[in-house]
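Peer 1: The following block contains a protein sequence and its predicted model.
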Amino acid sequence: MDANECRIIVAHDKDKALEAMEILANDRFPGAVAITDANFGRLEGRSLPPGVLLTDLHDLECMMLASPAWEKLLYELAQPNRIDAFQRQNSRDVLTAIARSAATVGYLRWASLRHGLSLKFEGLSFSRFLRRTDLAVDTARLIEEVKNHSLKPDVDASWLEAEIVALSAHGHDPWEVACGHDAIEILSFALRRVLAAGAHSEVRREFLERNLRLAYERLFFRKTKLWESLRLWQASNAPYRVLPHGDE
């Protein structure tokens, strides 16, 4: 963003950003644009106030993982021979394995949201339901872990598993369903247990997210739908601008 041409305000919450944009639209306030994570909104077909733009995938972290920044991060922290061995053994690359497993957790998040279950996912111990060999999720163990973590033992585990199966039957892009924080937790597990990275402190989720942001270049952003949406918004809302001169 061009800080000389626009003022950037962090909303700290998607709902707050959407509410603010609705108020501004009703007041016919010019030159306001908001960027939020898509989360499950696009999959649910939810309408958006004018001037609200969404990330290409589920959230910003998923966008970065799906960019060339991924390989820069992976080959900095993992051992190439371990990466090759994993991919030969499982007939899929590391990122595909992570996306599929994160999507499984994502479907459970989605089911919780749809049915107002208020299940708790922050602080989950992913090692309790991830298989070391292929990074796949043991769905029964995932559900049990989330129920215990949420202090909600009465939620029917069989029903939750059926909900995951029903939602996943639509064949969504895993990156639309997966939460980026979950994907990076799975990457952290993979680096510690499979890909032989450094010490535990070097591959914590917060460390990986920070280094993923550092690896993400302006050129990568300019190839996204979000950048194109910003460019089109700017062209339709002259003289207001958010992109630096030369980026439009």
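Peer 2: Great, that's in hand.
Peer 1: Helices of the chain, start to end?
Peer 2: 14-26, 41-44, 60-65, 69-77, 80-90, 94-114, 139-150, 157-168, 174-177, 180-193, 205-215, 218-221, 225-236 (DSSP state H).
Peer 1: how near is residue 183 to residue 95?
Peer 2: Residue 183 sits at a distance of 9 Å from residue 95 (criterion: CB to CB, to the nearest Å). In short, each C-beta sits where N, CA and C put it, glycine included.
Peer 1: follow-up on the earlier one: in a markdown table: the helices of the chain, plus mean pLDDT, distance to residue 1 and mean neighbour count.
Peer 2: Formatted as a markdown table, those follow (pLDDT from 0 to 100; distance: least, CB to CB, whole Å; neighbours: other CB atoms under 10 Å):
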| stretch | mean pLDDT | distance to residue 1 | mean neighbour count |
| --- | --- | --- | --- |
| helix 14-26 | 94 | 15 | 15 |
| helix 41-44 | 94 | 22 | 15 |
| helix 60-65 | 98 | 14 | 24 |
| helix 69-77 | 94 | 19 | 17 |
| helix 80-90 | 94 | 35 | 13 |
| helix 94-114 | 97 | 28 | 22 |
| helix 139-150 | 97 | 37 | 18 |
| helix 157-168 | 97 | 35 | 16 |
| helix 174-177 | 98 | 24 | 22 |
| helix 180-193 | 95 | 20 | 23 |
| helix 205-215 | 95 | 15 | 16 |
| helix 218-221 | 95 | 11 | 12 |
| helix 225-236 | 95 | 9 | 15 |
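Peer 1: Need the pLDDT of the nearest residue to residue 2 once chain neighbours are set aside.
Peer 2: Leaving aside its sequence neighbours, residue 2 sits nearest to residue 244 (CB to CB, 6 or more residues apart in numbering; 4.3 Å). Looking at residue 244, its pLDDT stands at 89.
Peer 1: quick one on the thing from earlier: now do the shared contacts for residue 183 and residue 95.
Peer 2: Taking CB atoms under 8 Å, 6 or more residues apart in numbering as the contact rule, residue 183 and residue 95 both touch residue 65.
Peer 1: Would you tell me which of the helices of the chain gets closest to residue 130?
Peer 2: Evaluated over those, closeness to residue 130 peaks at helix 180-193, with 5.5 Å, by CB to CB.
Peer 1: and this structure, what are its domains?
Peer 2: Structural domains assigned to the chain are 1-56+224-248, 61-219, following automatic domain parsing.
Peer 1: what about the longest one, start to end distance?
Peer 2: Okay, so that is domain 61-219. Taking CA to CA, to the nearest Å, domain 61-219 runs 16 Å from one end to the other.
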